[in-house]
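*Asks:* sequence and predicted structure are below.
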Protein chains: 2
Amino acid sequence: MRVVRHPERARYRREVLDQILDEGLICHLGFNFEGRPYVIPTIHARDRDVVYIHGSPISRMLTTLKAGVDVCLTVTIVDGLVLARSAFSSSMNYRSAVVMGRALEVTGQEEKMRAFEAVVEHVARGRWADCRWPTEKEAAATTIVRLPIREFSAKVRSGPPKDPAEDHDLPHWAGVVPFLLATAPPEDSPDLKSGLRAPAYALRYTR
Amino acid sequence: MRVVRHPERARYRREVLDQILDEGLICHLGFNFEGRPYVIPTIHARDRDVVYIHGSPISRMLTTLKAGVDVCLTVTIVDGLVLARSAFSSSMNYRSAVVMGRALEVTGQEEKMRAFEAVVEHVARGRWADCRWPTEKEAAATTIVRLPIREFSAKVRSGPPKDPAEDHDLPHWAGVVPFLLATAPPEDSPDLKSGLRAPAYALRYTR
């Protein structure tokens, strides 16, 4: 997919794409259903050259996807507000990744379990070794599709605002407000067995 | 739009939708171009019963949108990770809003200026009174479309994990890792006039 607007922000290297796909917690998945576009937020997980999407077999998204339709998977990380002196030159610092193509249902049990692991580890690294794995029945009650990373692009903006010289003397502050991911202390489940403490990957969650 | 999966999470009240549209900084906009779905991250801004989208007149998104095609605008706020004892019962706390329909180009200069204001205030409340407004030339170099809020839905999950009773004795921690929006101290533009300080809406940015 070719970036039309701001081609200087385009990135076509796989390592840039992979970094965005891996750091972004969720994606927004676009597809057509009954002739109209839908955009659904969902968890994704990359494993080498594919992205896995999972969900309920009765969801509109999964029933549509596994039929092999065109999809567009977009992951966006907002890094900050770019406040130029003028509204017109203001912008955002961001990194976005787009993968287009057709997804196929994962039917092999081995790959399905690898996909579960990829999803859990994408959400919280370290959790797969510290949770109950899906049973056969649960695996059967989950549809997983695989989107190959073939057609893709990324787009990155960073740095300060770019006000034209004639705006430099205006009395408005200009700069960047950087965004960070922050978490509050983990909240124990009300039915938690006494003596169990929140693990490190929950206490010091990072992406 | 009817929510298929987890109908108990569906919300069809406008105030719930509006709150999500207003709090979410960006949306993901889905549309078809040459018969394929695209999902593009972009700034949106609600003004009463419409959502404004703006961009360059040469962008693929705006040239396609202003032709009056079907679009799906989705805003998602992730509120936390829901780590159940089992991978299968794990989830996310989130709020998402979806508006579907066709967008129309805003051509009236008065509405166009209102839309600029809505966008700037959506990004940083207080900034419109503290920036240079678009000139006629800049307004002409910006395409703005208006999506009416007619067909919409929202989806909300909150609260702790719901492990089945037979999992309660497993040795895995269960609970929620709450997500917060955090910002770092504003970074002055390198060309900032001396004596200008970052304003309160940048120093203590909230949504």
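*Replies:* Perfect, thanks for sending it.
*Asks:* which residues are in contact with the most far-flung residue of chain A relative to its centre?
*Replies:* Using Cα atoms, centre = their mean, the residue of chain A lying farthest from its centre is residue A:169. It sits 39.9 Å away. By Cβ atoms under 8 Å, 6 or more residues apart in numbering or on different chains, the residues touching residue A:169 are residue B:193. Every residue, glycine included, has its C-beta placed from N, CA and C.
*Asks:* packing partners for the longest strand seen in chain A?
*Replies:* Counting residues, the longest strand in chain A under DSSP state E turns out to be strand A:70-83. Applying 3 or more Cβ pairs under 8 Å, 6 or more residues apart in numbering or on different chains; DSSP states H and E, we find strand A:70-83 packed against helix A:14-23, strand A:26-33, strand A:91-102, strand A:175-183, strand B:26-33, strand B:36-47.
*Asks:* try it again at 6 Å.
*Replies:* strand A:26-33, strand A:91-102, strand A:175-183, strand B:36-47 (3 or more Cβ pairs under 6 Å, 6 or more residues apart in numbering or on different chains; DSSP states H and E).
*Asks:* right, and those strands - which one's nearest residue B:67?
*Replies:* strand B:36-47 (13.7 Å; Cβ to Cβ).
*Asks:* can you state the direction angle for that closest one and strand A:91-102?
*Replies:* 150 degrees (axes from the mean of the first three to the mean of the last three Cα atoms, to 10 degrees).
*Asks:* and what about the nearest residue to residue A:138 once chain neighbours are set aside, helix, strand or coil?
*Replies:* In this structure, residue A:138 finds its nearest non-sequential neighbour in residue B:88, 4.2 Å apart by Cβ to Cβ, 6 or more residues apart in numbering or on different chains. The three-state label given to residue B:88 by DSSP: H, G, I helix; E, B strand; the rest coil is coil.
*Asks:* kindly report the same for residue A:116.
*Replies:* Three-state call for residue A:116 (three-state DSSP): helix.
*Asks:* tell me how far it lies from chain B.
*Replies:* Using Cβ to the nearest Cβ, to the nearest Å, one gets 6 Å for the distance from residue A:116 to chain B.
*Asks:* how many neighbours does that residue have?
*Replies:* 22 (other Cβ atoms under 10 Å in any protein chain shown).
*Asks:* wait, isn't it in contact with residue A:134?
*Replies:* Yes - counting by Cβ atoms under 6 Å, residue A:116 does reach residue A:134; the two are 5.5 Å apart.
*Asks:* need the overlap of contacts for the two.
*Replies:* residue B:87 (Cβ atoms under 6 Å, 6 or more residues apart in numbering or on different chains).
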